[in-house]
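Enquirer: Please work out how this folds:
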Amino acid sequence: MSSKSRTVLFVCVENSFRSQIAEAFFNHFAPEGWIAVSAGNKPARKVHPNAVLLMKEKGIDISKKRPKLLTKELQEVADIAIIVCGGNECPVVYTKYVEEWNFPDPAKMSLDEARKIRDAIEEKVLELIKKLDVIALRSKPSFSLK
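Expert: Okay, here's the model as predicted:
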């Protein structure tokens, strides 16, 4: 096992709700050697208060998190990118492996509706974790230097 962590990048437009939740769930459940970061192409000034509240219900504190800009450097270090939003404002991401989850924006929903999105994101994150080994093999170079 290498000392370098593998990285999952969760992306949405404002990096204030969906991608923050996905990052938090991934880091909460992540297997050894994996970390998640999140970013957006038009980052908000702060994480949406309902995202903080909904994650607190799950025992995960994201109150100190801040939205980040999606940069070329973040894309270059990511092994996997997950675009959690849907629509034409969602960023295009350039990494070795990309999935699109297309969740609607919970910031525009009631708390009960947003809770369903949070739970669906948790489910997708857990599915992603189960298939990390397969994805990592697909995104590895086909040769190794020993």
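Enquirer: For the residue nearest to Ser16 when sequence neighbours are not counted, which residues are in contact?
Expert: Nearest non-adjacent residue to Ser16, counting by Cβ to Cβ, 6 or more residues apart in numbering: Ala44, 3.8 Å away. Just so you know, the C-beta spots here come from the backbone N, C-alpha and C atoms, and that holds for glycine as well. When contacts are counted by Cβ atoms under 8 Å, 6 or more residues apart in numbering, Ala44 touches Glu14, Asn15, Ser16, Pro67.
Enquirer: remind me which residues of the chain are low pLDDT?
Expert: 1-3, 136-146 (pLDDT under 70).
Enquirer: Now find how far off-centre the helix ranked longest in the chain is within its chain.
Expert: Identified as the longest helix of the chain according to DSSP state H is helix 111-130. Remark: helix 111-130 is offset 11 Å from the chain centroid, using Cα atoms, centre = their mean, to the nearest Å.
Enquirer: So which elements touch that helix?
Expert: helix 18-29, helix 49-57 (3 or more Cβ pairs under 8 Å, 6 or more residues apart in numbering; DSSP states H and E).
Enquirer: most packed of the ones you listed?
Expert: Of these, the one with the most neighbours on average (mean count of other Cβ atoms under 10 Å) is helix 18-29, at a mean of 25.
Enquirer: Whatever helix or strand comes next after that one vs helix 111-130, what angle?
Expert: The element immediately downstream of helix 18-29 (helix or strand, assigned by DSSP states H and E) is strand 34-40. Here strand 34-40 runs at an angle of 140 degrees relative to helix 111-130 (axes from the mean of the first three to the mean of the last three Cα atoms, to 10 degrees).
Enquirer: could you give the angle of strand 34-40 to helix 18-29?
Expert: Using the same axes, to 10 degrees: strand 34-40 against helix 18-29 is 170 degrees.
Enquirer: circling back to that earlier point, dump the helices and strands packed on helix 111-130 into a markdown table; add distance to Lys96 as well.
Expert: Listed next are those as a markdown table, based on distance: least, Cβ to Cβ, whole Å:
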| stretch | distance to Lys96 |
| --- | --- |
| helix 18-29 | 17 |
| helix 49-57 | 28 |
